[in-house]
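J.: sharing a model that was predicted from the sequence below.
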Amino acid sequence: MKTRRRNLSGNDLTTTRRNTRSKTLENGRDNSLPFPVDLIMEIFSRLPVKSIATCRCVSKTWSSVLRRQDFTELFLSRSRTLPKLLLAYQKDGDLFFFSAPQPQNPDENSSPVVATYRMKLSFDAYFRNGAFGINGLDHGLVGLSGRTHSVICNPSTGQSLPFTRAKTRSMSLFGYDPIDKQVKVLSMWGAKFSGLLNVVAEEYQVLTLGTENPSWRTIDCGCILSYYSQHVRQKCINGVLYYLSTDMSTETTVLVCFDVRSEKFSFVKVKTFVTEGTMINYDGKLGFLRAGKSVCAYRESRIVNLWVLEDIEKQEWSERTFVLPALWEDVVVSAILGFVGMTRTNEIVMRPLSILPIPLYLFFFNTKRNTVVRIAIQGMDVSEYDKVHIFLDHVDNVELM
């Protein structure tokens, strides 16, 4: 019987057999690999993010495979089956990113989750007054926007990409096109103030990140709108970027729907009572959460309201009301809670707003089982931080910027 010998080379990643010859790279497939590329990617996709970063340094062949777009998509699809909590802690001009396993259908016997440090971003260089908006995208990236600069960062790889605006005194919003796999930045510039903090948008520009020669393009909104100059509430869901604005012709609140791929605008009339709620992703649709007549939840709260935009063109909304369980008062005690969002398993997640508890904990309200559970997050000392931003259903993205 002939014996086989496997030699794993850091330069070639090859498996050799007697009387066989190495194959060459052809038509985008690396035939020097011992197995089909699809199988190699399947194996790598099961590794943690840090291991992927290490493997990229082993050889040019490994690096080439792990930079492929189809591998990035495969890794994302696996990561979506294990969603995470992403926590960004703000302290003295720095933003510290942590991630933790997101509890799935937790109950009173669920253990605390442990957060893992991801990266640090020094935002003082871009946002000198410390004022910026922060938003998570549904494929693992985070966008930060100030008056003159914006930053897109990937907590999984520890990378950040700063860029300046086409004009100062503008506001940038971030959207993701899931078809063309592109991140776009929508910048609104205004010179006229309709109030102390409101700006009338006079020009709209779009920047596509990741292209060879990115440049700002001017587009037409078709409507005169004003926006809040400090931070525009936004949510990008399935390629549509939603944000709230005021129609200056009617002085009414409108929901702006920006199609990231086509770069076209549409508008939905909404009531202020609805829009004061927290914007969430509800099964791929835009939703707003409130606790009855309040934007926050208290010990005295009895219900949670959810408004869902069912159809943009028809401007159809649906309303759901969830009655809080009997144990609500005992679990919440005296905390004032803000809504973080809703998980894919339809659990409404809330967080303390007033004073950060030690350790930090989140409240999971299961709308199907009608239960509420408090889950502690360990692994960081929240007493050292000034503010925390929390994102649900975060996924690891190994694509390098």
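T.: Right, received. Where do you want to start?
J.: now for the longest helix seen in the chain, which elements pack on it?
T.: For the chain, the helix with the greatest residue count under DSSP state H is helix 69-80. Helices and strands touching helix 69-80, as assessed by 3 or more Cβ pairs under 8 Å, 6 or more residues apart in numbering; DSSP states H and E, comprise helix 37-44. Every residue, glycine included, has its C-beta placed from N, CA and C.
J.: beyond the helix it packs on, next helix or strand please.
T.: helix 49-55 (DSSP states H and E).
J.: low-scoring stretches of the stretch 51-200 of the chain, by residue?
T.: 125-131, 147, 165-169, 191-197 (pLDDT under 70).
J.: what about the helices in it?
T.: Here the stretch 51-200 of the chain has its helices, by DSSP state H, counting those that start in this stretch, at 60-66, 69-80.
J.: now distance to residue 365 too, for the ones you listed, in CSV please.
T.: Below are the helices of the stretch 51-200 of the chain laid out as CSV (distance: least, Cβ to Cβ, whole Å):
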stretch, distance to residue 365
helix 60-66, 39
helix 69-80, 23
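J.: right, so these: which one is the most enclosed?
T.: helix 60-66 (a mean of 18; mean count of other Cβ atoms under 10 Å).
J.: just how off-centre is that helix within its chain?
T.: 27 Å (Cα atoms, centre = their mean, to the nearest Å).
J.: and it, what does it pack onto?
T.: strand 29-30, helix 37-44, helix 49-55.
J.: got the end-to-end distance for stretch 49-66?
T.: 11 Å (Cα to Cα, to the nearest Å).
J.: how much space between the most centrally placed residue in the chain and residue 370?
T.: Most central in the chain under Cα atoms, centre = their mean is residue 136, positioned 2.4 Å from the mean C-alpha point. Relative to residue 370, residue 136 is positioned 28 Å away (Cβ to Cβ, to the nearest Å).
J.: now residue 318
T.: According to Cβ to Cβ, residue 318 and residue 370 sit 20 Å apart.
J.: before we move on, what about residue 94?
T.: Noted for residue 94: a distance of 41 Å to residue 370, by Cβ to Cβ.
J.: check residue 308 too.
T.: In terms of Cβ to Cβ, residue 308 sits 19 Å off from residue 370.
J.: quick one: stretch 244-253 to chain centroid distance?
T.: 27 Å.
J.: domains for this structure, by residue range?
T.: The chain is divided into the following domains under automatic domain parsing: 1-81, 82-394.
J.: of the ones you listed, flag the one that's most buried.
T.: Of all the domains of the chain, domain 82-394 has the most neighbours on average by mean count of other Cβ under 10 Å, namely a mean of 17.
J.: that one: end-to-end distance?
T.: End-to-end distance of domain 82-394 (Cα to Cα): 9 Å.
J.: one more: stretch 97-112?
T.: Start and end residues of stretch 97-112 are separated by 19 Å (Cα to Cα).
J.: got the contact list for that stretch?
T.: By Cβ atoms under 8 Å, 6 or more residues apart in numbering, the list of residues contacting stretch 97-112 from outside reads 82-89, 113-121, 142, 153, 155, 343, 345, 347, 359, 364, 366, 369, 371, 373, 375-380, 392-394, 396.
J.: run the chain-centre distance for that stretch.
T.: Put simply, stretch 97-112 sits 18 Å off its chain's centre (Cα atoms, centre = their mean).
J.: which non-adjacent residue is nearest residue 312?
T.: Leaving aside its sequence neighbours, residue 312 sits nearest to residue 257 (Cβ to Cβ, 6 or more residues apart in numbering; 5.4 Å).
J.: which element follows the host helix or strand of that neighbour toward the C-terminus?
T.: Assigned by DSSP H and E, residue 257 belongs to strand 252-259. Sequence order places strand 264-269 as the next helix or strand after strand 252-259, per DSSP H and E.
J.: hey, C-alpha coordinates of that next one in PDB?
T.: Only the C-alpha atoms of strand 264-269 are listed here, as PDB (Å, rounded to 0.1, in the frame of the first residue of the first chain):
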ATOM      1  CA  LYS A 264     -34.800  58.000  -4.700                       C
ATOM      2  CA  PHE A 265     -36.900  59.600  -2.000                       C
ATOM      3  CA  SER A 266     -40.500  58.900  -0.900                       C
ATOM      4  CA  PHE A 267     -42.500  60.400   2.000                       C
ATOM      5  CA  VAL A 268     -45.000  59.000   4.500                       C
ATOM      6  CA  LYS A 269     -47.200  61.200   6.700                       C
END
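J.: right, and the helix or strand after that strand?
T.: helix 272-275.
J.: then that following helix to CSV, C-alphas only?
T.: The C-alpha coordinates for helix 272-275 follow below in CSV (Å, rounded to 0.1, in the frame of the first residue of the first chain):
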residue,chain,number,x,y,z
THR,A,272,-46.1,63.1,16.1
PHE,A,273,-47.5,60.8,18.8
VAL,A,274,-46.2,57.8,16.8
THR,A,275,-42.8,59.3,15.8
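J.: how far out from the middle of the chain is the following helix or strand past that helix?
T.: Later in the chain than helix 272-275, the nearest helix or strand by DSSP H and E is strand 278-282. Centroid separation between strand 278-282 and its chain, computed with Cα atoms, centre = their mean, is 12 Å.
J.: now swap in stretch 267-281 and tell me
T.: In terms of Cα atoms, centre = their mean, the centre of stretch 267-281 is set 20 Å apart from its chain centre.
J.: same deal with stretch 225-237?
T.: 16 Å.
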